[in-house]
Structures are given as C-alpha cells and as structure tokens.
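Enquirer: Just the structure for this:
(2 chains)
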Protein chains: 2
Amino acid sequence: MTTQGELLSPTPGLAEVLKGGSWTQPTCPCCCSKNVEPLLLVQLADSVDPVTKKWIISRLEAPVRDGGAALLVHSGEDDAGNVVILSAPRCTQLRVTEDLGMWKPYKDGNMVAFSYDDRNSFRNIDDMQVFLTLAERQHVVKYQLGSLRAKKDRTIPGVPESRGVLLARESIFRKLEKVGVIKTVIALHDQRQLADLAKAWYSGWQLLGQPLDSIQAYFGTTVAFYFSFLDFYTWALVPPAILGVVLTLFPFASGTAAKASGGEGKEEEPGLPVSGLMVQAMFSMLWSTLVMELWKRRTAALSYRWGTPLLNERYAEPRPGYTGPMGRNPITGRPEPRFSEWEHKLRVGLSVPVVGFFLGLVALGMAAFYHFEAAARDFHKSEGTWLSVPLLYVPSLAHILYTNMLGSLYGNVALGLTEWENHRDESSFQNHHTTKVLLFSFFNCFAVLFHIAFIKEDLALLRKRLASLLIVTQLVNQCTEVLVPYLVDTFLSDGAKKPKEDDPEEDRIRAQGRLPPFPGLFPEYIELLVQYGYLSLFSCVYPLTAVLLLINNVTEIRTDAFKICRLFRKPSSAPVSDIGVWQPAFEVLGFVSVISNCWLLLLSPGVRQFCQEGGFSSRNALLFAILVEHVLIFGKMILAFVIPDEPAWISLKKQEFEFRSMQAFNQQKLQR
Amino acid sequence: MTTQGELLSPTPGLAEVLKGGSWTQPTCPCCCSKNVEPLLLVQLADSVDPVTKKWIISRLEAPVRDGGAALLVHSGEDDAGNVVILSAPRCTQLRVTEDLGMWKPYKDGNMVAFSYDDRNSFRNIDDMQVFLTLAERQHVVKYQLGSLRAKKDRTIPGVPESRGVLLARESIFRKLEKVGVIKTVIALHDQRQLADLAKAWYSGWQLLGQPLDSIQAYFGTTVAFYFSFLDFYTWALVPPAILGVVLTLFPFASGTAAKASGGEGKEEEPGLPVSGLMVQAMFSMLWSTLVMELWKRRTAALSYRWGTPLLNERYAEPRPGYTGPMGRNPITGRPEPRFSEWEHKLRVGLSVPVVGFFLGLVALGMAAFYHFEAAARDFHKSEGTWLSVPLLYVPSLAHILYTNMLGSLYGNVALGLTEWENHRDESSFQNHHTTKVLLFSFFNCFAVLFHIAFIKEDLALLRKRLASLLIVTQLVNQCTEVLVPYLVDTFLSDGAKKPKEDDPEEDRIRAQGRLPPFPGLFPEYIELLVQYGYLSLFSCVYPLTAVLLLINNVTEIRTDAFKICRLFRKPSSAPVSDIGVWQPAFEVLGFVSVISNCWLLLLSPGVRQFCQEGGFSSRNALLFAILVEHVLIFGKMILAFVIPDEPAWISLKKQEFEFRSMQAFNQQKLQR
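Expert: The predicted structure is shown next:
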C-alpha cells in the first residue's frame, strides 16, 4: 500500500491552485471569489491557432444573453498554450442546477426542486462547495460547454473555411471537436477529496459497505448508482449462495433419481435430486423478481437522497449531438433544434433489422465454427498425419478472430446508428446505445450455452461448460482487474503519473490528461449481467454458481473502486435517477430464466426418471412443464405489480410537489 | 314510434320548474338567479320526523365553513313531505369543479385545470348551464352531499339514540342511509335535453355514429366512455368480420387437410385449412393488441376533450364509505379520516383467497354436474324406464340452481369485501369491486368452454358449443334487451310513467323515483368482454364469430341507448378518465388468447395431418407451438410498448401543464 499512500498524501486541494492568475473576472458581484476551482480541462490540438483559442475563450466567457457560456476561463500557462481550464461562477452553477431540475435541501429540511429565484431559501446556498457536489459542479461546466451554440452561420476564426462552417444553432463544442481543434475534455481530480474517498472506500479491510454518498459527491450519480447496485446485488447473492451450499451438501431427496443416467448411453454426472432441483428453480424465480423490485425501491430512495427524483431533461438543453432545423421547444419556448418525432421513431425502428442482422452474423459464425470443427476432426481422424494436427486449431482461431472483428465493427455501427437516430435527451441516447451493445454482447456470451441447452439438450456438457466459464471468468477477472492494474500502477506508470512536489499546479493538472479515459460503466454492468445470466438461466444445473459469484463480487467492489480512483481520468456524466436500461435488462433476464429453468428441469435425468417411474407420457410431462412455466411467469408479473416501485414516503413527497405546483400555477394565472 | 314521440314532446325544461318557491336563498350575490335548476331528488323515509328533515335541510344549506354542504334546497310540496330537492349555487359548483381537478376551456382555447380564483379567465363562466354539463352539475351536488361530515359526536335530531350516534367526521349522508332516514338519491332527468339526445342518438336510422359529446354532457363520462368503447369496438370488428367471411367462402389452401378427420374415429366437421387457420390466428393476435392500444390513445383524446385528463381524486374528498380515525391529508392538509395504508393492502391481499375459494366452488359445481350427469345417463341406460327420464334433467337443473345461488351469494360477498378493504378513492373502489365480479362472471362463462378445449380436447364439440352460444346469446339479447323493454314501455308502464300535462312539476319529478334504478354498466361491459372472449380465444375454431358479433353490436348500440334514456332513473357518477379496469381485462384476454389459439391450432385436424405428412413427431410439433406462442406474446408486448399510449399532442399539453406548474411553484415560494 506504499504507492497509494504516497500518491494520495495530502496535496493542496484543487481549489487552492491557480489562484488569481489569468482567470476570467466575473462581472456579477456574487460570483467573485478569491479561489476559483479548476473543474474541467479542455485539451486543444497542439497546432491550434492563437486566434482560435482566443475566440473560444471569448465565447466561453461571454454572458448567456450574448450567446456565451458564462464560464470562468483560465488560458493555461500562456495564451498560446494548448489547454484551457474552466470553472463556473456561482450564478451559472445555480441557474444550471435549476435547468437540470435537481432537488436540493430546502430550509425546512425537505428536498425540493431548486429554483434560482428562491435560492436564498435553500440550505448551504452560500457555499458552492457544499451546496453542489464536485461532480455536479463539473457537470454544470460541461452542460454549459455543450449548450454553447452558434447564433448564425459563420466561420471559426483561425480555421480555414474548407474545414467547416459553423451553422446557426450548431453546437460550437461539437463542431470544434469535429474539425480537430478540441482534442478532449477532462474532468479534473481533486486529490485531497480523492484521498479521503479512497481511504473510506477500499484502503481498509471492510468487506461490504461503501461510502455511497461520498462516491456520489465525487463521481456523480451514474457511478454511484453502479456501486450501489453492485453492493445491493452482492448482498442479494447471500440467500442463493446459502441455498446452493445446503443443496450441495445435503441432497435431501431419494438418492436413486440422482444416480440415474440418461437413456442415450452417455455418461451423466449425478445431478441434484428432483426435489432439490425444484426448490432451487422455484427459489431462483422468486428471488430474481424480488431483488429487482426491491432494487427499484432502493433506486427511488437513492435518487431522492441525491436530488435527482424528477430530472426534467425534456425542458433542459438538448444534447450537443442533437441536430435539426431551428425551432422552439413547444414547452419552454426556448430556441433549439427540432427534429420530426416521426422520423426519429422511424429511424429507431430501422435500427432494429440492422441489429438483428449482426446477431444473425454471430449465430452464423457459431454454426460455421461447429461445422468446420467437425469437418477438421473428421479429416484428422480419416487421413490424419502429424501435419493435420494444426488444422484442428484453425476453426477455433478463425472463430475468435471473426468474433473480435465482428465485435469491433458492431461497436462502431451501434454508435453510428444511435447518433443517426438523433435522440434529443442524453438518457435516451445512452439507453438506446446501451441496448444495442448489450444485446450483441449478451448474445455473444450466451449463444453457445443456449445451443448446448436447447438444441443439443446435453446437460452434462452444459454443467461442465458453466463451471469452467465461471472459474475461468473469475481467474481472468482477478488477473486483469487486480493484478495487472496494480503492477502497472506500481512499476510502469510511476514516473508518468506520480506528482512531483515541485511541479507547478498546471503541470499536475496536465498530467491527468496522460491517464487513459475512463472506459465507462458498460463493461462493468455487462459483467454483472452475464454473471446474473449464468446464475438465473442455468442455476438448477450448477447450484454453486451463487457462491462463486458472491466471492467474485466482494473483490469486484474493491477492484472497481481502485480502478476508478486511480487508473483513469475522472469520469463525468449527467445526473441520472436510476441505472437506466440495465434495470429492464435484468428484469427480462428474470423472465427468460423461467423458461430456461423449466426446460432444464424437464431435461434433467432426475425428472426424466421420475416421469418414467410415475408413468407420465413425455407429452404430458412437457404439457405440465409448460403449465408450470406459465404459472410462474404470471406469478412473477403479479409479484412485480404488487410490490410498489417507490417507498410510500417518496410517492407522497412527489405528490405533494405536484399538488403544490398545481396550486401555485392557478395562483399565478390569477395574478397575471 | 308514437309512444316515444308523445313522451318526448317538448315539456318545459327542468330549469323552469319549481321557480322561486321555497328554495334556499343564497347569501352570495353571484349565486342568486331567477331559475334554480332541480338536480337531485333525495327520497326520505315516509315516516321521517319533521325535526329530522329540518335538521338535514339546515346541514345542506349551511355554508362550508360551518360544516355544511352549501347547497340550494327545496323542501318539496310541504315541509313535512318525504322528499328534498337539491341544487347547487354557482360558487359551490365552481369550487367543486376545482376540487375534482376538472379541465375547462381557458380563454386562449386550451383546456386547463380549472381554478376558482382565476374563474373569470375561463370561457362561458357566466353561464353555468354551458360551463358545466348537466352530469357535472349533478355530480357536484352528489359530491357535496357525500362530503358532508359531522363535526363532532352527536345524535341526529328526531332519530332515537338507539338507532345510531353520528361520530365525528362520519359521513352524515351515509349514516342517514344506514338508519333508514334517506331511502335513495335520484339524479333528475331533464326531459327537453333528453328528447334532443334521444333524437340524435337512436330515433333515426343511422347505423353507427353516436352523439358522444351530448351523451357525455347528459349522462357523464362513465356512460360516455362505455358508448365510445362500444362504438370503437364495433368498428374494430369490421376487419375480422371481413376476414372471417373471406376465409369461410374461399378456403385457399389444399382441401385435403380440411377434409381430414381425427384419428379417434369421431366424426369431425371440416375445419379451415391449415393456412387459413394460421392466417386467422395470427391476424387475431395482432388485431387484439392493436385495438386495445388504439383505444388507449382514443381514451386519452376523449378524456382531454371532456376535461378529465388529470383528475386529482387523491386530493379531493375521500368517498363517503371511507372510514378511519380522524387525521389530516398529508398532501392537502385537510382533515379527513385516515386509514393505515398497510392494513388496507393487507385486506386487499386477504380478499384474494376468498375470491379464489368462490372460483373453486364454480369449478367444483361443474365437476359435480359432469359426474352426476354421466351417472344419471348410465342409470337410465342400464335400468331405465320412463320413470327415470326426469332424472336425466336433475343434474342440469341442480347445476343451474347452484350457479345462480352461488352467483348472488358471491355478489354480496364481493361488495362486502370491497367495502371492508376500505378504499379511499371511488375509482379504486370501483376497480376492485369490478375486478372481483368480473373474474367470477368470466370464469362462470368460460369454465365449460375451457374444459372442452383443454381437458376434453374436443374441437368439434367446442365449435358446436360456440356457435350455439353465439346464436343463443344473440337471440336472448334481442329478446331481453329490445323486445321486452319495448313492450313494457308501450303497454304496461304507460300509466305510471307518462307525464300528465296537468300534473304539478313536483309530481313529475317524483314519478322518476318510480322507475327502477339504473343497474350500472357492469352487465354491458361483461357482455362485451365475454363476446370478445368468444372471438379472441376460440376465433380459429369458428371464423364467423366476428360477423355475428358485428351484427349484434350494431343493434346493441341502439338498444342500450334506448334503455338508458327511457327505462331507468338517470345514472350519475363521478367523472372518470378511462374505462377503468375493463382496459386491462381486455388486454389480459388478448394475451390468454395467444395461448388458447396456439393450443387449438395444435389440436386442429388440419395441423395434425400436416404434421403427420411432414414427419414431425408430436413432441416437436408441441415444442414448435410453444416457440410460436412465446414469440407471439413477446411480439404483442413489443407492439404494446412501441405504440404510445397517448397521442403526442396530448402528452405535450400535459407536459406543458407540468412545466408551467413547476415554474409557478418556484415563483410562489419566492413571493412568500
């Protein structure tokens, strides 16, 4: 732990650096402060023309009424340098907080939608460092940067016209990125706060329990929701893990069924006895619904706590990538690009066959692999010499190569498609993009297992495959997620990243640009989803799954924390009120798991023998399995319907807000 | 049509009757008007003590701040009589309109939630007869009557203490009903408006097309939604009817499959060919989802048009039957009974097994019927004489008797249970009550058909049964719904109902009390639901179902209209924004129909032969049917998800309302 200790030793807070200097002088008296906190670093191209930089700075500094972003700008060590450091004055921060629909503690202690005009009734309003979290302050700057739009068609000073003209209402930031003037935008770490967070989070030996509020404050709600979910899900694994151990240790039904072997002469491993299988399957179905419903309630409580229960993204600025002819928002009346709702929906609809086509390619690849593998084996058997041995590995290698190429191609296609769909709101964009990638990744992971379970109907192979996948995944995870980063951090990147005490502050900030960008939470969520798939889809085949996952997750929490704190640039994202599309993804998996478990039960040698002994025809057994499946799915739906999605006290708060708003609206109409 | 013409000949409008007389004199200047319109008739017990009547009138007349209902009261022909006639002054009407959250046209033409303080900005505000519909004005009076609650524990003057003490905050109206002082409350017909409505609705020869706005104005949204749904549904039957005719006339697949007969040696009627069956089943699945989704959109448009898009029942007075210790509404702060949310939910949960028990009794009755019928037939066969012939009818008769007794017992149980569940809101009460009765009625109707389809697996019998049910239902409907009422109206009740020109107005009003109370829309809806069940669950067995239903519905519209206008007291109910629990009931049926159709297809002789010829094993055919079923259900869910529930322009209006409310709330907080 020495490296950590050294790196995180108390460094001056970011608020204290870059004092005075060449920061923009705000005109508004309430925004003047001695310490300006550097929040975002905009990395310009090395070759940037000073004229361009000057123009950018002037746009960023200008007040909103002049079409600027009303930010505080620091032009770096000298005016010709290739960085711009940004902060936001108090007024801008408060106005954007209202725009986003964030809730903040009112003087009476309740959370209420923040209102700029009524700002003095909110708690801590005088101390921006307390009133807004670091993540929120950084998002404010990013939001302002994104909502900076050209007033009319014009060229960018210092950028030749051939490289692009700025159209009226086009996002300036996006255009600058496109023409290569802005290379990247980095949210800056606050080393002191980070050190405190790291200490509370992963440096100790606590097994569970994370400082969720501090995570939210530092990294924002997106990251905080991921870790909350990870936490919740890990706790939720305890009951199935216990059940799995109990069922494995004490198989409490007649042993005869367990020792039965299939009629096809294959060697079958002894599975669980019938009653054990039944208990396991039933439990896992109830469990999956309960977990996701309770998580919904937890989500509601967390989003209230973090001030994001009713984000009004629809009334805020559209995301920078949103294009369309100029118009007015029909609700707020603000000018913004408008895109036909019908065409947007049509485009979303047209994306479906494209995604389907790629899923088809995955299936095709798998089929080809099976075909050529069998062919190679046959060839080797019939006329094999030692020369044909390498041939046996060709199909595998080709398949891996094919899958990887397809994956990276699809990644680009998915991003392009989602951009083309032209979503107005960031959350909608994220959800559609995530859904596309998720379907592909999931299909990629599970196609083979489904093939074994549903087409080959070979439970023994499925069990072997599942166990090896689980164990290999664990080992690979531990390796890639813990060991490698630790080693890299300790030995390789030492010189590049470790701050030298005599460095000027700006260099320390610049150094953060050398870290790789945060890869996003997609890989983390998909890992959980795939795990959850192993657990819920095939749980009755391998009852110890939950135990392995539990062990994995306990380490996962710490390694993810370590990764996000130390190895990447600080992630920054818009406030969210839930985990987005991952919630339905987990729920859908729960329903699919009913189908899969019923099917696996039907195939299991125990149940087969049980049917034979009981004199059920295979048709009746199948009909019975279908009946059970329908009843269970119906039961899950009822359960999901019966458990309220929000705790009662939160619904009440929201209703009260609505009621008071309505009353106020009536009063206001009267006064006009 | 002579009787109709006579009855509906221009009679003086109700607004002109009972002029001046002994109506309450309102204190508020804006509420004084020359003509007071009698809206509700309260029928008291014949033996009512004049002291009690006087006390009731004083409570009804008193202003709201003194715990009264702020209504206008007419004590009938003399102060000792047993009727009280009610109306509402303008102020009361407007205040309740705001309380209910009704939307009304604003001066700019948009629909906006009505606000009393801002009343002068709404259109037609000076003419209550135009601003509120008759149904709304009557509901206002009923609402005030129901929200009249005792201020503290007291006895009712003229009612001995032994018959009940009025507790603090208990509903006075409900208590008076319980102790027998109030016999009934009748919403009064307006003969002139009724005559106009009848003319536009059913007196002409138009086939479809109903004056929905006039229906809404006269009978209120509940009735208007029923007739809108009936209208919509009838139009929706046209495509399946056409398909049914086409498939019956031109069976366009190979005739061999159609002529195949089952292997069990039974005589099978020729069914549809395989491809026809497939087309029919697929079509019916898509159709059912489309119809219900489009109806949702139509609902949204209608409720906006009728001013009920966002009813705030939660903020209005609880229904009179709601009991609990006194408390305050946590949102509005008004005093009202409060009942533990947990106990309420527990009670709802406990109702489930009771309902299940009664459904079990229905199944038991059916099983017993089959058992004893078989036994009787065997007995008659083995040792039958002419004496044992009547024995053959005993099981049927006993079953009918049993079913009827069970039905009426269950009716009471369902009502009692729902009362015991203690719902705060009227709509919640209605939905829970309807659900209970609906499940029972539906199960009662379909148990036999399901038994034939799924247990006996006898398609020929199912087809015969379905055809006879459809035709018998039609005949019985035509008889009971058209002929009998028409005859009764023409010959029997002539003297009792026909207004004599020389009658004093009050007697004409009293005469309405002699009509039977309106039985509610439950029988009408359940008839539609059962029809829809025949159509969607078993459509592939009898393709002409839609044609028969279409014919039935076209007459149904007119007979229902005639019934509601002429044969009953005027129904009156709270404004609603949709058809309530009937929407999900129809949707659920759509999903069940997928299961049922897949199963029937699998059983159909055509498909069976097709499988045999194609060399599919019965297991594979079954697996394929399951796959198809899952895909179709998934497809239906996607379709339902993709079609937005509201037209875009209505969502926009609602969002705008929310946004403006929120802004106003912020402004208001500032001003305080």
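
Enquirer: going forward, measure contacts between C-alpha atoms and count neighbours the same way
Expert: Noted.

Enquirer: And A:S593, what's its pLDDT?
Expert: According to the prediction, A:S593 has pLDDT 89.

Enquirer: and stretch A:516-534, how far out from the chain's middle?
Expert: Computed by Cα atoms, centre = their mean, to the nearest Å, the chain-centroid distance of stretch A:516-534 equals 7 Å.

Enquirer: quick one: contacts of it?
Expert: Contacts to stretch A:516-534, defined as Cα atoms under 8 Å, 6 or more residues apart in numbering or on different chains, come from residues A:223, A:226, A:434, A:438, A:441-442, A:445, A:466, A:545, A:549, A:564, A:567-571, A:582, A:585-586, A:589, A:593.

Enquirer: and chain B, which of those reach it?
Expert: Among the contacts of stretch A:516-534, proximity to chain B is found for none (Cα under 8 Å from any Cα of the partner chain).

Enquirer: Among those residues, which are located in helices?
Expert: Within the contacts of stretch A:516-534, residues falling in helices by DSSP state H are A:223, A:226, A:434, A:438, A:441-442, A:445, A:466, A:545, A:549, A:564, A:582, A:585-586, A:589, A:593.

Enquirer: I'd guess A:E336 is in a helix, am I close?
Expert: No: counting by DSSP: H, G, I helix; E, B strand; the rest coil, A:E336 is located in no helix; its state is strand.

Enquirer: A:S214 is in contact with A:D196, isn't it?
Expert: No: applying Cα atoms under 8 Å as the test, A:S214 and A:D196 come out as separate, 9.1 Å apart.

Enquirer: circling back: buried among the ones in helices among the contacts of stretch A:516-534? Make that a PyMOL selection.
Expert: Buried residues among the ones in helices among the contacts of stretch A:516-534 (16 or more other Cα atoms under 10 Å in any protein chain shown), as a PyMOL selection:
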select buried, chain A and resi 223+226+434+438+441+466+545+549+564+582+586+589+593
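
Enquirer: Farthest-apart pair in the ones in helices among the contacts of stretch A:516-534, please.
Expert: Farthest-apart pair in those is A:I564 and A:S593; separation 32.2 Å (Cα to Cα).

Enquirer: check contacts around A:E421.
Expert: A:344-345, A:347-348.

Enquirer: so what's the closest residue to it other than its chain neighbours scoring on pLDDT?
Expert: Leaving aside its sequence neighbours, A:E421 sits nearest to A:R347 (Cα to Cα, 6 or more residues apart in numbering or on different chains; 5.3 Å). Looking at A:R347, its pLDDT is 95.

Enquirer: swap in A:L40?
Expert: For A:L40, the pLDDT comes out at 90.

Enquirer: in the sheet, who's paired with the nearest residue to it once chain neighbours are set aside?
Expert: Nearest-residue entry for A:L40: A:A187, 4.6 Å, with adjacent residues in sequence omitted and distances by Cα to Cα, 6+ apart. Note on A:A187: beta-bridge partners by DSSP bridges are A:L40, A:K570.

Enquirer: residues touching A:A187, list them.
Expert: Contacts for A:A187 (Cα under 8 Å, 6+ apart) come out as A:39-41, A:138, A:569-572.

Enquirer: Now with 10 Å, please.
Expert: Contact analysis of A:A187 by Cα atoms under 10 Å, 6 or more residues apart in numbering or on different chains lists A:38-42, A:85-86, A:134-135, A:138-139, A:141-142, A:219, A:509, A:512-513, A:569-573.

Enquirer: What subset of the contacts of A:E421 is buried?
Expert: Buried residues within the contacts of A:E421, defined by neighbour count using 16+ other Cα under 10 Å: A:344, A:347-348.

Enquirer: which among the residues you listed gets closest to chain B?
Expert: A:V348 (10.7 Å; Cα to the nearest Cα).

Enquirer: Let me know whether the closest one touches A:S428 as I believe.
Expert: No: with contact defined as Cα atoms under 10 Å, A:V348 does not reach A:S428; the gap is 11.3 Å.
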